[in-house]
Every structure is written in structure tokens, then in C-alpha cells.
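Trainee: take this sequence and fold it.
(one chain, ligands or ions: 1)
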Amino acid sequence: MNTGLEDVVAAQTILSDVDGANGRLIVRGVSLDDLVATSSYEDLLALLFAGFFPLPADLPAQLGAARVCIFAHVASADEALIALPPVDAMRALLARTEDGDDLTSALNLVAAPAVFIPAMLRLKAGKPAVAPDPARGHAADILAMLTGTAPTSQQAAALDRYLVTVADHGLNASTFAARVVASTKAGLTSSVLAALSALKGPLHGGAPGPVLDMLDAAGSPEQAPAWIEAELARGERLMGFGHRIYRVRDPRADALKAAVRLLAGAGAIDPARLALAEALEGTALAQLKAKKPDRPLDTNVEFYTALLLEALGFPREAFTGVFAMGRVGGWLAHAREQAETGRLIRPLSVYVGPKPREAA
Ligand code: SDX
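Mentor: Predicted structure coming up:
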């Protein structure tokens, strides 16, 4: 039985192609390297949304206005909601946005994780939420709402590169969830809520936080080999490694490692932390290769994500929420693409339960 729909083609898409054999990612015909080198997150949104939503000439300004509009929901966050883990609090607030299928609904949903995660983090820490500045770029405004101060150009560029890198990635579990809900014509908020719930799992978007836990547990480059060996001996999975599609290194790992190096060059990352990560990555790859020779297990997108988001000031419990800040653009485009097919997604299952008792 093919568990997990491995190798099953469940949709046709013009949005992105994940070439697992060659380690290549293309979004609307543009390679990841070109996207990271030339596009802001706002540019990538326009690329993803083209043909699915009417695109305004001033999309960045309209996204800024959506951040301001969405920020109004923050005031309704009560103590119980603020006490939730940041991603759950963001999900609860996002659920208060009405289902729609137009560009305004889409931009509000792009704005939601970007506004709610920083606000929930600050309110949980007893600090006032910081209102968005619609004139800022999306990545810069996220960091300003998180810290209360304007980010450096390197910090804004590093987060923008992350958002671009994770924005879309074929039919991953959360995007598939978005498409299933879109196929019932439930609306964009419902699709994003389903996708966000799928993203939370540690096998999917919940992995970056545990990567830091792994670095903390390994402790030092000298102790890393023994720690990794013990983890694998216990049958544990190493967070940030392996992938259902990539049989070689996830191209996003190097895109994000370059962003980490950008911050390290600006003194925004402790060189010892980066040295530990690189040492742990090296020993993990060697030991995974030795332990699973028939299954290529390489670094995936989450490993350097962890160092990048930590250096930008996000606490690890918010990493999945930051992942959603980027991936929401892909979810929305896929939801519209699926809705436009007009087909309900409804696969078969094989019944293996008990047979009814024969009539006496
Ligand atoms: C993301 O699909 C996407 O595109 C996802 C994503 C995206 O952008 O949306 O790329 C984002 O989800 C990245 C992955 C983040 N998750 C992690 O880093 C968690 C650790 N990695 C895994 O658990 C695992 O690699 C998966 C879930 C990512 C993929 O697993 P598969 O394809 O279901 O493979 P599998 O579970 O069948 O594993 C095959 C073998 C197993 O060994 P056996 O049981 O056959 O002996 O490889 C082993 C696994 O135990 N294995 C690992 C491992 N990943 C797989 N062993 C140790 N450490 C790991 N990380």
C-alpha cells in the first residue's frame, strides 16, 4: 500500500516544480537562485498571483494597507488567546477573518501571519504590540513589529530572502491541505487554516525549532558526533535532514546558508553558533549516510532556517509561524488554481475493516 501518497501525482500546477533528483526548485519558470537574487517577497507574490488574482501596480502598498487592516484584530486578543503558543494564537486570530476569494481577502491572509506572530510574541512578553508601517517593505515591517525598532538592511534582506525561499514548494503537505479545502469551494481563509494546521507538524514545518534544540543538546563540535550517534541509535530523526522529494541536497539549504553567512558577516550571528551548526551538519550527513546507505538523507530547508530566524530575534516556538509568513503566498495561489479546476478532491480508500456478520 502506498502510504503517504508517495510518488502519486495529485495535481497539475503552473506554480512550482520541485526536482528531487537534481535538487532544483522553479517557481513560475524562475529558478530559486534567480528568485533569491532578484525578487523581493512582494515581487514573488506578484509572480505567484499572476493570473489568479487581479494584480494592482502598487501591490507592496496594498500589502502594507492589508497589514494595517489586519492589525485591528490584535486588539480582540484576550488573555487566554495570548497565553496560547504563538502559532496557535495566530491561527485563532486568523480564523476571525471572513472567507473570501478576492485579492483583498488574499492580501489580508498574507498579512495575517506577518502581523499576528510579532504581536502575539510581544503581548505574551508583556509588551505592547507594534503597529505596522504600510510604507515599509513586508520583511522590514515584520522585524519592526517584532522588535519595535527599524531593522538593519542586512536583517531585512535576510528575512526577505527567507520568505522568498520558502514561499512555494510543490504539493507539500500543507499546500495539499490548502488545495483539498479549496476544492470544496470553502474560501481562502478556510484553505489557509487547513494548511497552517498541517504546517505545524514536526515532520513538516514544525522542524526548525527542534533544530535549535538539537544544537543545544549536542553542545559543541567535539560532542556532536557522539550525540548524533546516540540519537540515531535510539531511532530518533534528525530535524533539518531528509525529505520526501529531494534525493540530493535541498537547494534552499544553501540559499538560506548564504543568508546566514550574510548576517554572520554583519556580526549578527555568533561565529561559534555557526561553527557548531556546520560541524553538526557534517557529522549528521556522514552518520546518516553510514546508517541509511540506501536512502539519501541530506540537509533540508529547516536546518539553516533555525539559525537565521534565531539571529533575527524570533524565539524558536514562533519559527513555524514565520514559515507561514512566507508559505501563505503559495497556499493562496494553489487554492485559487485548485478552485479554478472546479473539481472536488476525493480519492479512494481500501476498506480493510471487519466484514458484516452474515444474517442468521
Ligand atoms: C519540510 O514536502 C515538502 O516539500 C516539505 C517542505 C516544504 O517546503 O514544504 O520541504 C518542508 O517539511 C521539510 C522537512 C522538515 N522535517 C524534518 O526535517 C524532520 C526530519 N525529517 C523527516 O522526518 C523525514 O525526512 C521527512 C518526514 C521529511 C521525509 O520522510 P519520508 O519521505 O516519509 O521518509 P521516511 O519517513 O519513509 O524515511 C525513510 C527512512 C526511514 O528509515 P527506515 O524506517 O526505513 O529504517 O529514512 C529515515 C527513516 O527513519 N529518515 C531519517 C530521517 N528522515 C528519514 N532518519 C533520521 N533522521 C531523519 N531526518
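Trainee: and the stretch 201-350 of the chain, which of its residues are near the ligand?
Mentor: 203-205, 207, 237-245, 292, 295, 297, 300-302 (Cβ under 6 Å from any ligand atom). Using the backbone N, CA and C atoms, a C-beta is placed for each residue, glycine as well.
Trainee: buried ones among these?
Mentor: Among those, those classed as buried by 16 or more other Cβ atoms under 10 Å are 204-205, 207, 238-245, 297, 300-302.
Trainee: below-threshold pLDDT in the chain: ranges please.
Mentor: Scanning the chain for pLDDT under 70 picks out 1-2, 360.
Trainee: that older thread, now, the residues of the stretch 201-350 of the chain next to the ligand that are in helices?
Mentor: 301-302 (DSSP state H).
Trainee: mind telling me which residue of the chain is nearest the ligand?
Mentor: Residue of the chain nearest the ligand, by Cβ to the nearest ligand atom: Gly242 (2.3 Å).
Trainee: list the contacts of that residue.
Mentor: By Cβ atoms under 8 Å, 6 or more residues apart in numbering, the contact list for Gly242 reads 288, 297-298, 300.
Trainee: do Ile14 as well
Mentor: 28, 51, 337.
Trainee: which parts of the stretch 51-200 of the chain are strands?
Mentor: Counting by DSSP state E, counting those that start in this stretch, one finds no strands in the stretch 51-200 of the chain.
Trainee: sticking with the spatially most central residue of the chain, tell me its helix or strand.
Mentor: The centroid of the chain falls nearest to Phe323 when counting by Cα atoms, centre = their mean (2.7 Å). According to DSSP states H and E, Phe323 maps onto helix 319-341.
Trainee: can you pull the buried residues of that helix?
Mentor: 319-339.
Trainee: with just CA atoms, put it into PDB.
Mentor: This file holds the C-alpha atoms of helix 319-341, laid out as PDB (Å, rounded to 0.1, in the frame of the first residue of the first chain):
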ATOM      1  CA  PHE A 319       9.500  29.500  13.800                       C
ATOM      2  CA  THR A 320       6.600  27.700  12.200                       C
ATOM      3  CA  GLY A 321       4.600  31.000  12.300                       C
ATOM      4  CA  VAL A 322       7.500  32.700  10.300                       C
ATOM      5  CA  PHE A 323       7.500  29.800   7.900                       C
ATOM      6  CA  ALA A 324       3.700  30.500   7.400                       C
ATOM      7  CA  MET A 325       4.600  34.200   6.700                       C
ATOM      8  CA  GLY A 326       6.300  33.000   3.500                       C
ATOM      9  CA  ARG A 327       4.400  29.900   2.500                       C
ATOM     10  CA  VAL A 328       1.000  31.700   2.800                       C
ATOM     11  CA  GLY A 329       1.600  33.200  -0.700                       C
ATOM     12  CA  GLY A 330       2.000  29.700  -2.200                       C
ATOM     13  CA  TRP A 331      -1.000  28.300  -0.300                       C
ATOM     14  CA  LEU A 332      -3.200  31.100  -1.700                       C
ATOM     15  CA  ALA A 333      -2.100  30.700  -5.300                       C
ATOM     16  CA  HIS A 334      -2.600  26.900  -5.100                       C
ATOM     17  CA  ALA A 335      -6.000  27.400  -3.600                       C
ATOM     18  CA  ARG A 336      -7.100  29.600  -6.400                       C
ATOM     19  CA  GLU A 337      -5.500  27.200  -9.000                       C
ATOM     20  CA  GLN A 338      -7.400  24.300  -7.500                       C
ATOM     21  CA  ALA A 339     -10.700  26.200  -7.200                       C
ATOM     22  CA  GLU A 340     -10.500  27.100 -10.800                       C
ATOM     23  CA  THR A 341     -10.400  23.500 -11.900                       C
END
